[in-house]
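**Student:** This is a predicted model, with the sequence first.
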Amino acid sequence: MEELREDSPVDLAAALARARSPEPPGPDTPAQGAARAWPGPSRPLPSAGPADLDLGSLLRYSLAAGDDSGRLRPVSSAGALHPVDTELVVGAGCCLPPGRYGYDPLRHRVHHLGRQPANTPPGVTAELSVTARRTASHYGHRAWPLLLLDTGHAAAALFLAARALGTDEPGVVMDGLAESPLAAVHIPPPGGRGPVHPDGGAHVPDPPGGPPGPAELLARRSTPPPMPGAPPQDALRAVLTTAAGAGSGDLRWCAALGPPRPALVALSADRTTLRRHAAGEARPTLAAWAAGQAWIADAGAVLLAHGCPSDADAAHIRRAHLRAGFAVHLAHVTALRHGLAARPIGSWQQADLGAALKGAPGRDWVVHGLALGTRHAEEENTA
């Protein structure tokens, strides 16, 4: 696992090619801590005044751990290993004095790291990086795509938390250009405006139904399998619409359905209906591609983000995976709003969807997924 050392550069194209191969990961190794150990003493997040951005609530609704192990958090993570680290660049209009801080999600406290950079905008910018060994401890050489997806999920959690606090324009940067931070989310103070849109481009729409509330954000969880039952067409269209709206650019989106008419379906060009993308039962193949998770073959549907060809450079790989994690997180919220069971699926091997559909090999890989169903595991166990 030399490519996952924290102190050495990563050949991301080589790491992704190996992660996509059938090579099994080695035995588990110690993760060495559930959160980054920031230097210096910690301090609590103070209460916010009426004109201040409430950093305590923002982080509670997005990244804070709900148990001592650090596994229970309101953001999805492969294996509940939570490799994403957050530095806060605080400007004017926040409940903390301006400066740079490291966030401890286990204790919901911060560590002062130094002065804020010149020209720091009002509000806070959450810069997201990763401690690779936490994910590599279980997934080995398959870790890097999962690290990027997890970072996209964390960015989406911060975006939704900002919307829950009433922020009109949280700015999200997931352009793939930087190795660290991998992504950044800027939240202005009340009445302020973010300096950027996602990647300097289009507005990210809220999930259908509008911004989430705090209780909704704190309650979101990945459903344990199994999760059978085909979603209704309106719910599936809403999930696909949310994903396509949040994960545009390098990605395409479809969903695998089972009987009575097994097929891959996608949104129509105007995103008002579903069209058949390909005929046939894909879920058993997806189960084999997704690290052999057999339960996927019986899921009600599987949302798929696909793209990221084999010759993609590092910036393209980062951008596609960050956007996929971001979009699947918002799609997960939409699924839960429609009463569906939902669980992200991040680990994919030999998942060349384009080649499976008789296209050119190496051009159209599965990047991320979201299993959907109408019945939860606990309902199956009591049936």
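**Tutor:** Okay, I see it. Residues are numbered from 1 along each chain as shown.

**Student:** contacts and neighbour counts: CA atoms only from here.
**Tutor:** Noted.

**Student:** what about the helices in the chain?
**Tutor:** 12-20, 55-60, 132-139, 143-164, 214-219, 233-246, 283-289, 314-337, 353-356, 377-382 (DSSP state H).

**Student:** Mean pLDDT, distance to residue 107 and mean neighbour count added to those, as JSON lines?
**Tutor:** Formatted as JSON lines, those follow (pLDDT from 0 to 100; distance: least, C-alpha to C-alpha, whole Å; neighbours: other C-alpha atoms under 10 Å):
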{"stretch": "helix 12-20", "mean pLDDT": "98", "distance to residue 107": "33", "mean neighbour count": "18"}
{"stretch": "helix 55-60", "mean pLDDT": "98", "distance to residue 107": "11", "mean neighbour count": "21"}
{"stretch": "helix 132-139", "mean pLDDT": "96", "distance to residue 107": "18", "mean neighbour count": "23"}
{"stretch": "helix 143-164", "mean pLDDT": "97", "distance to residue 107": "18", "mean neighbour count": "27"}
{"stretch": "helix 214-219", "mean pLDDT": "92", "distance to residue 107": "17", "mean neighbour count": "15"}
{"stretch": "helix 233-246", "mean pLDDT": "96", "distance to residue 107": "31", "mean neighbour count": "22"}
{"stretch": "helix 283-289", "mean pLDDT": "98", "distance to residue 107": "37", "mean neighbour count": "20"}
{"stretch": "helix 314-337", "mean pLDDT": "97", "distance to residue 107": "24", "mean neighbour count": "26"}
{"stretch": "helix 353-356", "mean pLDDT": "98", "distance to residue 107": "42", "mean neighbour count": "18"}
{"stretch": "helix 377-382", "mean pLDDT": "49", "distance to residue 107": "31", "mean neighbour count": "11"}
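
**Student:** Those into TSV, with extra columns for distance to residue 189?
**Tutor:** Listed next are the helices of the chain as TSV, based on distance: least, C-alpha to C-alpha, whole Å:
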stretch	distance to residue 189
helix 12-20	36
helix 55-60	10
helix 132-139	32
helix 143-164	10
helix 214-219	18
helix 233-246	23
helix 283-289	44
helix 314-337	23
helix 353-356	43
helix 377-382	41
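
**Student:** Out of those, flag the one nearest residue 344.
**Tutor:** Among the helices of the chain, the nearest to residue 344 by C-alpha to C-alpha is helix 314-337 (7.2 Å).

**Student:** now the angle from the closest one to helix 143-164?
**Tutor:** Angle between the axes of helix 314-337 and helix 143-164 is 50 degrees (criterion: axes from the mean of the first three to the mean of the last three C-alpha atoms, to 10 degrees).

**Student:** quick check: angle from helix 314-337 to helix 233-246?
**Tutor:** 150 degrees.

**Student:** Quick one: list the elements packing against helix 314-337.
**Tutor:** helix 12-20, helix 143-164, helix 233-246, strand 341-345, strand 365-373 (3 or more C-alpha pairs under 8 Å, 6 or more residues apart in numbering; DSSP states H and E).

**Student:** For residue 49, find the nearest of those.
**Tutor:** helix 143-164 (16.4 Å).

**Student:** Quick check: which ranges of the stretch 151-300 of the chain have low pLDDT?
**Tutor:** 193-202 (pLDDT under 70).

**Student:** One more: the stretch 1-150 of the chain?
**Tutor:** Applying pLDDT under 70 to the stretch 1-150 of the chain flags residues 1-8.

**Student:** show me where it has strands.
**Tutor:** Per DSSP state E, counting those that start in this stretch, the stretch 1-150 of the chain carries strands over the ranges 42-44, 84-90, 99-104, 109-114, 124-130.

**Student:** which other helices and strands contact the second one?
**Tutor:** Yep, that's strand 84-90 we're talking about. Using 3+ C-alpha pairs under 8 Å, 6+ apart: strand 84-90 touches strand 99-104, strand 124-130, helix 143-164.

**Student:** that older thread, want to throw the strands of the stretch 1-150 of the chain into TSV with distance to residue 258 and mean neighbour count?
**Tutor:** Converted to TSV, the strands of the stretch 1-150 of the chain look like this (distance: least, C-alpha to C-alpha, whole Å; neighbours: other C-alpha atoms under 10 Å):
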stretch	distance to residue 258	mean neighbour count
strand 42-44	50	14
strand 84-90	35	24
strand 99-104	43	23
strand 109-114	46	18
strand 124-130	37	23
